[in-house]
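A.B. asks: Fold the following.
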Amino acid sequence: MEDGESEDRFNVFGRGVLHLSVLIETMRREGYEFQVGKPQVIIKEIDGVKCEPIEILVVDVPEVSSGKVIEQITQRKGLLKVMEPKGDVQHLEFEIPARGIIGLRNNILTSTQGEAVMTHRFYQFEPFKGDLPARLKGSMVSMEQGQALPFAIDRLQDRGKFFIDPGEQIYVGMVLGEHSRDNDLEINVIKGKKLTNMRASGSDENMKIAPKIQFSLEEAMEYIREDEYLEVTPQSLRMRKISFRPQ
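C.D. replies: Just a heads-up that it's a prediction; the model follows:
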């Protein structure tokens, strides 16, 4: 651990996201409240060459989904080394930059309907592999502070997937969900229904709000972008923009 840019900032080093999340969860249970940024790998300069850690990634996946897995990993600079059948599954081994593993698990589990088994371990430092693709979807960001209303969430469901339930307290700059497109979207989920003298029978009962996406601590750390923080408190895990001013 080392001091950061100010007195209340620290750079904490560990062996992977899981190692860091054990420390964060322990502090959370002890009553601390703090924010963490997106995990980053340690870059070294070896003999004047910028180098990054490379890991051996092993994926066991049903054969029907192996093509999707190979495509996603090769997009992150992964190099397929072993491909062999083991019973009903394909055994795949890759060499991949550690940067490419951050956020990969969620994508793999989604594309294989949760049937993939992934493990990885450190291999060696190699010359820097270049830029990797970032998260494809943008964030839906709150432009108001207050209580999220069912009506407001229902009318915005076609814009993306939500990380909150109706009735939750939200604040300006809080990430409320994942936008269906690649750009960030400012939304207002505390705006209620416009009241009139006319009443439509049964319209409120027809509301069908999808369950919120629930992240574990490690999943949330991997999900956030460089311009976002994960806010950790004993009661909740929330994502927010580092600096945000409503348009």
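A.B. asks: use CA for all of it now, contacts and neighbours both
C.D. replies: Will do.
A.B. asks: What strand or helix carries residue 27?
C.D. replies: Using DSSP states H and E, residue 27 falls within helix 16-29.
A.B. asks: Please compute how far that helix lies from its chain's middle.
C.D. replies: Computed by C-alpha atoms, centre = their mean, to the nearest Å, the chain-centroid distance of helix 16-29 equals 16 Å.
A.B. asks: Direction included, what does the helix or strand just after that helix pair against?
C.D. replies: Sequence-wise, the next helix or strand downstream of helix 16-29 (DSSP H and E) is strand 34-36. Applying DSSP bridges to the sheet, strand 34-36 is found paired with strand 228-232 (antiparallel).
A.B. asks: longest strand in the protein, by residue count?
C.D. replies: When the chain is parsed with DSSP state E, its longest strand is strand 49-62.
A.B. asks: which secondary structure elements does that one contact?
C.D. replies: strand 44-46, strand 89-97, helix 98-101, strand 117-127 (3 or more C-alpha pairs under 8 Å, 6 or more residues apart in numbering; DSSP states H and E).
A.B. asks: can you give me the angle whatever helix or strand comes next after that strand makes with strand 49-62?
C.D. replies: Next along the chain after strand 49-62, taking DSSP H and E as the criterion, comes helix 66-75. Counting by axes from the mean of the first three to the mean of the last three C-alpha atoms, to 10 degrees, helix 66-75 points 170 degrees away from the direction of strand 49-62.
A.B. asks: Buried residues of helix 66-75, list them for me.
C.D. replies: Neighbour counts over helix 66-75 (16 or more other C-alpha atoms under 10 Å) mark 66, 69, 70, 72, 73 as buried.
A.B. asks: Please pull out the lowest mean pLDDT helix or strand from this protein.
C.D. replies: helix 104-111 (a mean of 85; mean pLDDT, DSSP states H and E).
A.B. asks: Format the CA atom coordinates belonging to that helix as CSV.
C.D. replies: C-alpha atoms of helix 104-111 as CSV (Å, rounded to 0.1, in the frame of the first residue of the first chain):
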residue,chain,number,x,y,z
LEU,A,104,-14.2,-10.9,-18.8
ARG,A,105,-16.0,-13.4,-16.5
ASN,A,106,-19.4,-11.6,-16.7
ASN,A,107,-19.3,-11.5,-20.5
ILE,A,108,-18.3,-15.2,-20.8
LEU,A,109,-21.0,-16.4,-18.4
THR,A,110,-23.6,-14.3,-20.2
SER,A,111,-22.7,-15.7,-23.7
